[in-house]
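**Student:** how would this look folded up:
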Amino acid sequence: MNLWKRTTKCRPGWWAVCLSGLPALCLAADPVPPPAPCGAVPSARQLQWHELEFYGFIHFTVNTFTDKEWGYGDESETVFNPTALDARQWARVARDAGMKGLIITAKHHDGFCLWPSQYTQHSVKNSPWKNGHGDVLRELSNACREFGLKFGVYLSPWDRNRAEYSRPEYLTYYRNQLRELLTQYGPIFEVWFDGANGGDGYYGGAREKRRIDNSTYYDWPDTWSIVRRLQPNAVMFSDGGPDVRWVGNESGVAFETAWMTINRRMIYPGCPNYAQYAPGQPDGTDWVPPEVDVSIRPGWFYHPSEDTKVKSVEKLLDIYYQSVGRSANLLLNVPPDRQGLIHDTDVARLKALHAILAATFKTDLARRASATATSTRGSSRRFAAANVIDGNPQTYWATDDGTTSGSVELAFNQPARFDNVVIQEYIALGQRVEGWTLEAEVGGQWRPIVAGTTIGYKHIARFAPVATRRVRLNITHARACPTISTLALYLSPQTPEK
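**Tutor:** I've put the predicted structure just below:
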């Protein structure tokens, strides 16, 4: 929530902007108030999550050694035996790829635990790896801190190994393990819950099919409260949040028209009609932005047969534009092999992807321009057009209440050549824009370059290179007065080889 108040730290007549989790900013005396929030707004933890944009998934368990995607739950602990596991290599590869964190499958559906849980024998403590004294989560959490990455965990609600699964006793077991993860490995930025709930399994030797009512069995509100209490800064992912939602596919594509809000009370992990909610809801009561989860390989776990099927740099670049470029965070899975290392092919693809992204977004050409707008909120410099090109995401251009369309024009002394535009809304006040266009003056006439619907946290669009001295962003329709924090222009390097 944004609280506007006078403060004794500012001179009389000044205002302070108090944004949850951020320092107060003292602004010059100005009678023009900021826009009121429009609909649901993000929490401080969600604002921090939005800024991460790109991080990695580590799928690693007994499946890596049995060549399966979903283990049945009867796998012997002895099959888990990586010969050269190096979590520092994982973290270094992630950092060098531009990722901001790593989330690991602490326990997948097979029930095998990558940490020495005191609540089960089905874990690394009974494997030959490090003679049963290893802890993958400890090594990765330490490596993440060393390389400046956030650390996150995935704890599968479904457990095909556990005899108590589908019974009330399992919930106690599950929550005990969740507490272990949340108290033993330092700060956690995201806790990942999926919707795979019930089916065939080993279940302690029963070898049968078990079904649950996944809308009630896990008592999600009380389960989520454990995370809130033990890791208050962590966001939680599932079909319906409560903080971050599934984009609805595993192909790496977010929606062109994407709303950050949904009616969360209508959705739960594994919700059977989730597809209708995946794009978001413009009148949603809760800020629950989308996350795109996709693997660099066809499968989620490492399979030797897929060494020649790693996604191309061009494909990974498309995924980036269709996820981060559509206001969703990108969670890219990079599975370690049976040695416990990220494969050389995967490393090379990630390195090449980062090189292209770094070169593309190195220089914001809009910073060289001057900016004007068709109208400015209260004619106040605080909401002037120049804010969209100052590089500060906390400043923004805004119009008067009731003015739901308008334009910002950039003028260059010399022609600027670009093929990427980045637009951002000041989402601390909610998501507003429903339609926009970008134009360039060519041959003395304004010509359309690209158009879109929603913007949200960030929208990135690619197009054929344009050279011009004048660029115009038109907000054609918004739910309330627009608040645009960024209008940036970039020129990408040569197209990557397939």
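
**Student:** From here on, just use CA atoms for contacts and neighbour counts.
**Tutor:** OK.

**Student:** so where is this protein shaky, pLDDT-wise?
**Tutor:** 1-30, 494-498 (pLDDT under 70).

**Student:** what does the domain assignment say about it?
**Tutor:** Listed domain ranges for the chain are 1-31, 44-360, 365-490 (source: automatic domain parsing).

**Student:** Including distance to residue 37 and mean neighbour count, could those domains go into a markdown table?
**Tutor:** Below are the domains of the chain laid out as a markdown table (distance: least, CA to CA, whole Å; neighbours: other CA atoms under 10 Å):
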| stretch | distance to residue 37 | mean neighbour count |
| --- | --- | --- |
| domain 1-31 | 8 | 14 |
| domain 44-360 | 12 | 20 |
| domain 365-490 | 4 | 20 |
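
**Student:** got TSV for the ones you listed, with distance to residue 38 too?
**Tutor:** TSV is the format used below for these (distance: least, CA to CA, whole Å):
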stretch	distance to residue 38
domain 1-31	11
domain 44-360	10
domain 365-490	5
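
**Student:** give me the beta-bridge partners of the residue nearest the centre of the chain?
**Tutor:** Geometric centre of the chain, nearest residue: residue 329, 2.6 Å, by CA atoms, centre = their mean. Going by DSSP bridges, residue 329 is paired in beta bridges with residue 291.

**Student:** which residues touch it?
**Tutor:** Residues near residue 329 by CA atoms under 8 Å, 6 or more residues apart in numbering: 50, 52, 53, 54, 290, 291, 292, 323.

**Student:** Give me the distance between the fifth one and residue 108.
**Tutor:** Look at residue 290 and residue 108: by CA to CA, to the nearest Å, they are 22 Å apart.

**Student:** One more: the fourth one?
**Tutor:** For residue 54, the distance to residue 108 (CA to CA) stands at 22 Å.

**Student:** Equivalent analysis for the last one, please.
**Tutor:** When distances are taken as CA to CA, residue 323 and residue 108 turn out to be 25 Å apart.

**Student:** all strands for the stretch 51-200 of the chain, in order.
**Tutor:** 54-58, 101-107, 150-155, 190-192, 199-201 (DSSP state E, counting those that start in this stretch).

**Student:** Turn those strands into CSV, including distance to residue 448.
**Tutor:** Output for the strands of the stretch 51-200 of the chain, formatted as CSV (distance: least, CA to CA, whole Å):
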stretch, distance to residue 448
strand 54-58, 30
strand 101-107, 38
strand 150-155, 40
strand 190-192, 40
strand 199-201, 53
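
**Student:** Of the ones you listed, which is nearest residue 433?
**Tutor:** Closest to residue 433 of the strands of the stretch 51-200 of the chain, according to CA to CA: strand 54-58, at 23.6 Å.

**Student:** tell me what that closest one is packed against?
**Tutor:** strand 101-107, strand 329-333 (3 or more CA pairs under 8 Å, 6 or more residues apart in numbering; DSSP states H and E).

**Student:** mind running it again at 10 Å?
**Tutor:** helix 87-96, strand 101-107, strand 150-155, strand 290-295, strand 329-333 (3 or more CA pairs under 10 Å, 6 or more residues apart in numbering; DSSP states H and E).

**Student:** what angle sits between that strand and strand 290-295?
**Tutor:** Counting by axes from the mean of the first three to the mean of the last three CA atoms, to 10 degrees, strand 54-58 lies at 50 degrees to strand 290-295.
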